[in-house]
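Student: Sharing a sequence plus its predicted fold:
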Amino acid sequence: MSTDGRQLLTGPLSGERRQVTALFYDIVGSTALLHQLDPEEFGAMQRTLHNEAAALIISHGGYLEGVQGDGGCAYFGFPEPSEDAAECAVASALELVVWCQRQAQQFGSSLKVRVGVATGLVVVADSSNTKLPGRTQIIGLAPALAARIQSEAASNSVAVAEATYRLTSGVFEFEEIGARELKGFGEPVQLWRPVARRQQSDRFTSYRRVSAPLVGRDDELELCGRRWTRATNGNGQLVFLHGDAGIGKSRLVMEFRRDLVGEGVATLVFQCQPRGNTEPLHPFLEPIRQAVAEATEDSEPDRDAVIRFLRSLGSEVGELNAEIVAFLLAGKAQGVPGEAWQVDLSDEDIRARAVEAMLTVLTSSAASRPLLIVIEDLHWADTLTEALVARLPEWIESRPVLAVITSREAIEADRLGDPNVLAMALSGLTAQATSELLERIWEMTPPDGLAAFVYEKSDGVPLFAEQLALLLRERSNASVQDRAGWEAPLREGRILNLQDLIAARLAGLGQLKRVAQIASVIGREFRRKLLIAVIEPEPLPVSLDEAIERLVKAGIVRRKSGGAAIRFRHVLIQEAAYDSLLKSERREIHGRIVRLIQSGSVSSLPDEIMAWHFEQAGQPLEAARHAIQAAEACGIRSAMHEADRLLDFAEKQLTQAHKSGDANDLLLRLLTVRGPVAAAHFGRGSEQARSIYERGVSLCAEREDEDRAKWFPLYWGWWFTAPDYETQRVRSDILVRDLKDSADLEVRLQSLHCAWAANIDAGLHSHCLKCVKQGLQLYDEDRARFSRGRYGGHDAKVCGLGNRAFSLWLMGDDAGSSESMDAAKQWAEHINHLSSVLHALEFEIELKRYRNDLAGVIAVADRIGELARAAPGVLAKAALFRAWAHGLSGDPAGGLVEFEAGLARQHEIATPEGVPVYEGMRAELFERARRNDEALSILDNAIAASTRSGQVYWLAELLRQRALLRRARHEPEEAVALDLSRALEAATEQRAAALVSRVRLDLKRLGLRALPPDRHPDRPSGK
């Protein structure tokens, strides 16, 4: 009690969650009427309106909650629920408007009303133990929305919100009012105006959807049997079952499996989870993990044990496939080392390898006997599972495998072209099938008419029919033989729809309902040990094992094979149990779960599930932490779509968390994961990727007291996504400066890695060589194994030696260049890293082009072709150089065609590092093909782009090439001399002696003199 005697609302809210329809009405222009009428006259008119409104509302089963002044508020579906609450509210509103219109016609009344109607979920809270007026509070958006939208209605008309419109559009004709901005609502609200009641053939169809033609299940079982026969003959089949929730997909699969018992069939059943769609291939991982644990008698087998188990499944599961699946099974990203098989592949290649490896494991037993694979609830699948299912028809085509897939969503039309794919849409039960179901459940002859009653109420949904039959069997007196008697338990139990029916079944469990509720918070599937720990603070009337057995017998849950895991029979049952809890109760139970796991009392759950529990427990910081960990695991498996969803969730959680050092660290960690995801989705140079890294580096700059090596991946991405080469060079200088004193030697090396690559593009060869020298002094072979995949996909030493070979050649040290190039290739072979071997060959092919060694270029291109089948970017680059060499070797027209095709492929793959060199080669081919005008245009554009971007290491050669082309076109000597002079200046500034020598030889050969710098318009800078 407060000091002034007022009773306060304290402690948790008690009550229930329910859907109601709220109606608000208000007199139009009441203030103006008060000016026009005597207050007594106005009061009489107002009272007449309220009396008529109350009569209409009560006649339609509504509850007039109160009137105040010129308006009133009513609820439909409260205090007793009704399945046509929305319909009754709209009918009341329309009749009130008609009454006002009739008053005006008969009595000249100026009374007009506006009415607003809205439907939504509310909490009906008990306030009987307080001094608040009334015994209940209606808490929710529906009343507020109805009050707001009535002011949007025209005089003497009704406005309804979207939910009410959807519930009653089969009953009333509507006109669209449109979207309106309402005070207190962030988004515009769509409104509709009911005009008149539709003509209905029967009341049932007015608020129930009309079902598709109803059929039994014998035909579907027969079709599945035919497909199984084909599969056992070695012609693998895929059957896709789809239909609404509760329509009987899982039941059909269970019946089909039962028919195969005794045939020696190997069966694998996998379940997609509602919150599992952020974990790549999640339906398959836990069953495989459990199988390994059982086989090894080790609850947490190590990687080698997993690989040995997978290899034992059959000869198809080779070493590589076993390694890939073991990698997928690894729990958290932090515990997953870099994988040699991954770093050579693109994200799409990694995904394809992962899918193929998993398919190999799943179908390994098909080598010895027919196999049935069931994948349930594909609508919750992650993208890799979807990719696996898309690959299944082709994969099992010549294997004795039948795959049965269930989903609420129909299969895409373009996947129906395979002859071994059959899609079946399941519709509702027929009246005859419903009658048969009722007889089996009733266990005696049911009363006449009951089957028709259940069929009507269930709308043909098998789960609904089953639950309704069970409820009636438990609650109806044996003497009840008529419809009124069967309706009674539905009214008493407030049965409105399938969810309400299941909730009523749960209520019938008495105190055992609490066990189902707590289990529902854990998830669709739960383990006995965790349930025991979570439920421990609450006393039970019986032992937990007995409680679980009763839930099994009641059809609420079922034990999975092995008995360790327990599963709700249907997701709708789990959702009904979960929704029956007030949010405050849910949060408290979620809190219990996370505390138990944090204390180590029970085993942890997957990160994405932990993120959900922490979110629901009101701990956004921990929710974000686990979501980021799950996203990291997705990222290293190239499941970028799932990673992106998890990061969206994590960022939302961080916005809700209190500002702190931990929150800032998590935000930076999130950005380090989000950068590669954005680069994969939108491209390395995309604005999306660039903005992420710029934001991360900006946040790092605010933390001057911290070693920035911790967030080096952000710095690397910031450098990597720079918009142009000059910006990239400037950023590389910042990286070297900011990290030069870091204790992390690998980070210092990688900052120099950025610097030597950027400085050679800028033609700063001396600085490039200095960075290479410093970087190679920091190189460590063991550390490098884990850095290759993170930073560029190749070995830093190979890269440094290759860049040194470039700079030395350009500076005139040909022998030193060859020595460094040989060292790069030898080191790449030594570490046996394919991506680094290819990187070395990329350096070599470009060096041979510098030297105009046509035969050498072709030889290296052929070598790349042998090695780079899984590296399309490297293949495209080699194709360009080969085409150039072929064209200059005697077939300029053919070489040009090949080159243009290769360049188109290069642009598609977006690997623009060598563009100045490529454009110079392209211009040469056009010139050899006697297409000088086009060659000149190419060079003009390349020179301008090189100058603009800061990628100027080949600028001198492009200018020299243009000068010779102009000479061949008989342009004025001054234009030729100007290009050669600019080339000489650029090469000299860069100390590129090899290019300086070429320019001077051309000047001498052509009898020209270099122009002084002040004669160079638009002088390019090599700095």
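Tutor: Perfect, thanks for sending it.

Student: The stretch 401-550 of the chain: helices as residue ranges?
Tutor: Using DSSP state H, counting those that start in this stretch, the helices found in the stretch 401-550 of the chain span residues 431-442, 450-458, 462-475, 483-492, 498-507, 513-522, 528-535, 544-553.

Student: In PDB, list the C-alpha atoms belonging to the one helix or strand Glu222 maps to.
Tutor: Assigned by DSSP states H and E, Glu222 belongs to helix 218-232. Output of helix 218-232 as PDB, limited to C-alpha atoms (Å, rounded to 0.1, in the frame of the first residue of the first chain):
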ATOM      1  CA  ASP A 218      -5.200 -43.900 -50.100                       C
ATOM      2  CA  ASP A 219      -4.300 -42.400 -53.500                       C
ATOM      3  CA  GLU A 220      -1.300 -40.500 -52.100                       C
ATOM      4  CA  LEU A 221      -0.100 -43.700 -50.300                       C
ATOM      5  CA  GLU A 222      -0.400 -45.600 -53.600                       C
ATOM      6  CA  LEU A 223       1.500 -43.000 -55.500                       C
ATOM      7  CA  CYS A 224       4.300 -43.100 -52.900                       C
ATOM      8  CA  GLY A 225       4.300 -46.900 -53.200                       C
ATOM      9  CA  ARG A 226       4.800 -46.700 -56.900                       C
ATOM     10  CA  ARG A 227       7.600 -44.300 -56.600                       C
ATOM     11  CA  TRP A 228       9.200 -46.500 -54.000                       C
ATOM     12  CA  THR A 229       9.100 -49.500 -56.400                       C
ATOM     13  CA  ARG A 230      10.900 -47.400 -59.000                       C
ATOM     14  CA  ALA A 231      13.500 -46.300 -56.400                       C
ATOM     15  CA  THR A 232      14.200 -49.900 -55.300                       C
END
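
Student: Show the contacting residues for Arg674.
Tutor: For Arg674, the contacting residues are Asp644, Leu647, Ile692, by C-beta atoms under 8 Å, 6 or more residues apart in numbering. Yep, even glycine has a C-beta here, placed from its N, CA and C like the rest.

Student: Surely Leu241 is within a strand?
Tutor: Yes - counting by DSSP: H, G, I helix; E, B strand; the rest coil, Leu241 is part of a strand.

Student: That one and Arg251 touch, don't they?
Tutor: No - counting by C-beta atoms under 8 Å, Leu241 stays clear of Arg251, with 10.5 Å between them.

Student: Same drill for the two, tell me which one is more crowded.
Tutor: With neighbours defined as other C-beta atoms under 10 Å, Leu241 and Arg251 compare such that Leu241 has more, 26 against 17.

Student: quick one, strands of the stretch 51-200 of the chain?
Tutor: Remark: strands assigned in the stretch 51-200 of the chain by DSSP state E, counting those that start in this stretch are 62-68, 71-76, 113-126, 136-140, 157-161, 172-180, 189-197.

Student: Output those strands in CSV; the columns should cover mean neighbour count.
Tutor: Formatted as CSV, the strands of the stretch 51-200 of the chain follow (neighbours: other C-beta atoms under 10 Å):
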stretch, mean neighbour count
strand 62-68, 16
strand 71-76, 24
strand 113-126, 22
strand 136-140, 17
strand 157-161, 27
strand 172-180, 15
strand 189-197, 18
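
Student: Minimum distance to Glu549: which of these has it?
Tutor: Relative to Glu549, the nearest member of the strands of the stretch 51-200 of the chain by C-beta to C-beta is strand 113-126, separated by 33.5 Å.

Student: Can you list the low-confidence ranges for the stretch 701-850 of the chain?
Tutor: Low-confidence segments of the stretch 701-850 of the chain (pLDDT under 70): 704-707, 789.
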